[in-house]
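>>> Prediction below, plus the sequence it came from.
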Amino acid sequence: MVAWHDLDRFPFGDGPELADELLALILIGRKTATCWSADEGSKGSEVGKLWVVVDGAGRPRAVLRTVELTRRRFDEVDAAFAADEGEGDLTLAYWRSAHREYFTRNGGFAPHMLLWCERFCLVEILDAADRAG
């Protein structure tokens, strides 16, 4: 069991509903990657770092470990990374459409925008008793 109380905590997405949707994909092992605009900085991410993903209500739900962190342009994201993001039908076309909408909602989209692309692994699912303590 990981001592998670002092780890950085982050939700996925840009609102409670999306946070819960993406968390569900992580918990079933379908989502093992994420990305964000490089304009937001690295968010303290580094290979090997443990962190806690929270649900839409801000409750700690799982411990993740960063296993890969790269920077690439939006138009350089490949089908393998898109599939590892675990969303929709797992295709690059779906990824591009969904992320174009996401980045447009959150400050702007450009086909050549620089992203941080992170792959992670699920280390531990936190049950309700763990989260309470």
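Received the coordinates, thanks. Numbering: from 1, shown residues only.

>>> all helices for the protein, in order.
16-27, 79-85, 92-105, 128-132 (DSSP state H).

>>> Single out the most deeply packed of those.
helix 79-85 (a mean of 18; mean count of other C-beta atoms under 10 Å). Just so you know, the C-beta spots here come from the backbone N, C-alpha and C atoms, and that holds for glycine as well.

>>> Give me the average confidence score over that one.
The pLDDT scores in helix 79-85 average 98.

>>> out of the helices of the chain, nearest to residue 57?
For residue 57, the closest of the helices of the chain is helix 16-27, at 6.7 Å, according to C-beta to C-beta.

>>> Contacts for that closest one, please.
11-13, 31-32, 34, 53-57, 61-62, 64, 86-87, 122, 125 (C-beta atoms under 8 Å, 6 or more residues apart in numbering).

>>> swap the cut-off to 6 Å and go again
Helix 16-27 is contacted from outside by 11-13, 31, 55-56, 61, 86, using C-beta atoms under 6 Å, 6 or more residues apart in numbering.

>>> Can you tell me the closest non-neighbouring residue to residue 112?
residue 73 (5.1 Å; C-beta to C-beta, 6 or more residues apart in numbering).
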